[in-house]
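S.K.: can you look at this prediction? I've put the sequence above it.
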Amino acid sequence: MFALGSALFNERVGLWAAAFFHTTPLVAWLSGTVDIDIVIALLVTCTLIAIIRWAESRSAGWYYAACLLGAAAIGSKLNAAFAFVVLAPAMIRKSR
């Protein structure tokens, strides 16, 4: 969350985003269990960061990284596909 907040705004927003994310009761509880949901949140967040970097630089490496991270998130748990319902068509349209 820090990296996403810093990429979109600045470091102060990144710190607040990370603090709010971790102090959410569900996230705090999942941090102490063996559920995979925190890993899915990590993969979705890393995918969003890669999409932001790709949109800024138009580098093929960031595009492939975003696709691989998104595929890893969906492959780990199908509920992660809901995060990419809007992003995937936008990425496909911009890549042409």
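M.R.: That came in fine, so what should we check first? Residues are numbered from 1 along each chain as shown.

S.K.: helices or strands up against the helix or strand hosting Cys46?
M.R.: Using DSSP states H and E, Cys46 sits in helix 37-57. Where contact means 3 or more C-beta pairs under 8 Å, 6 or more residues apart in numbering; DSSP states H and E, helix 37-57 is packed against helix 2-8, helix 25-31, helix 60-76, helix 87-95. Every C-beta, even on glycine, is put in place using the N, C-alpha and C of the backbone.

S.K.: and the next element down the chain from the first one?
M.R.: Yep, that's helix 2-8 we're talking about. helix 11-23.

S.K.: other SSEs contacting that next one?
M.R.: Taking 3+ C-beta pairs under 8 Å, 6+ apart as the contact cut, helix 11-23 packs with helix 2-8, helix 25-31.

S.K.: pLDDT of that helix, averaged?
M.R.: Mean pLDDT, helix 11-23: 92.

S.K.: which one of the helices and strands packed on helix 37-57 lies closest to Ile49?
M.R.: The minimum distance between Ile49 and the helices and strands packed on helix 37-57 falls on helix 2-8, with 5.6 Å, by C-beta to C-beta.
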